[in-house]
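Visitor: here is a sequence together with a model predicted from it:
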Amino acid sequence: MRLTPQFNGERSDHDRTCGYGTPENHCGKPATWHVLWTVDGTNSLDCDEHMADAEKQWVFYGRHRLGPHCLHPEALFYEDRCEVPGGPRQVDLTVREDAPPWLLPEGLSR
Ligand SMILES: [Zn+2]
Ligand SMILES: [Zn+2]
């Protein structure tokens with residue numbers, strides 16, 4: 001059984017549409033949700049309809065309403081938004097230190 005959906009590969013940073021479906025035939029509606037699927041940063045954008053759909057089928061780590069910083073390569077995924085840190089930083093999606101335990105990568109202690 002799959003816990004997360006199949007992803008369609010690379011998407012442009014400026015593509016703010018729902019990626020649900022196949023590369024040839026995806027939803028394409030304006031996305032409203034930013035979903036973090038795995039701790040290694042796999043994330044996707046979904047419209048209301050497909051978020052509701054995905055919720056029933058798959059497990060995700062976090063989600064929030066799509067915001068201005070969501071697709072920035074250096075953005076950090078917070079519970080309620082994405083934020084771009086001031087200084088230079090790794091390009092990986094990271095969870096903040098006070099994130100709930102279910103957002104922390106396995107084996108990470110504090
Ligand atoms: Zn959709
Ligand atoms: Zn986001």
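Guide: Cool, got the structure. Numbers count the residues shown, from 1 in each chain. Ligands and ions are numbered 1, 2, ... in the order given.
Visitor: does residue 61 touch residue 41 like I think?
Guide: No. Using C-beta atoms under 8 Å, residue 61 makes no contact with residue 41, being 9.8 Å away. C-beta here means a position set from N, CA and C on the backbone, and glycine is covered the same way.
Visitor: have a look at the two and say which one is more surrounded.
Guide: Neighbour count, other C-beta atoms under 10 Å: between residue 61 and residue 41, residue 61 has more, with 22 against 14.
Visitor: end to end on stretch 30-40, go ahead and measure it.
Guide: When the termini of stretch 30-40 are compared using C-alpha to C-alpha, to the nearest Å, they are 25 Å apart.
Visitor: are that stretch and ligand 1 in contact anywhere?
Guide: No. Stretch 30-40 lies out of reach of ligand 1 by C-beta under 5 Å from the ion, never closer than 7.3 Å.
Visitor: what's the average pLDDT for that stretch?
Guide: Across stretch 30-40, the average pLDDT comes to 92.
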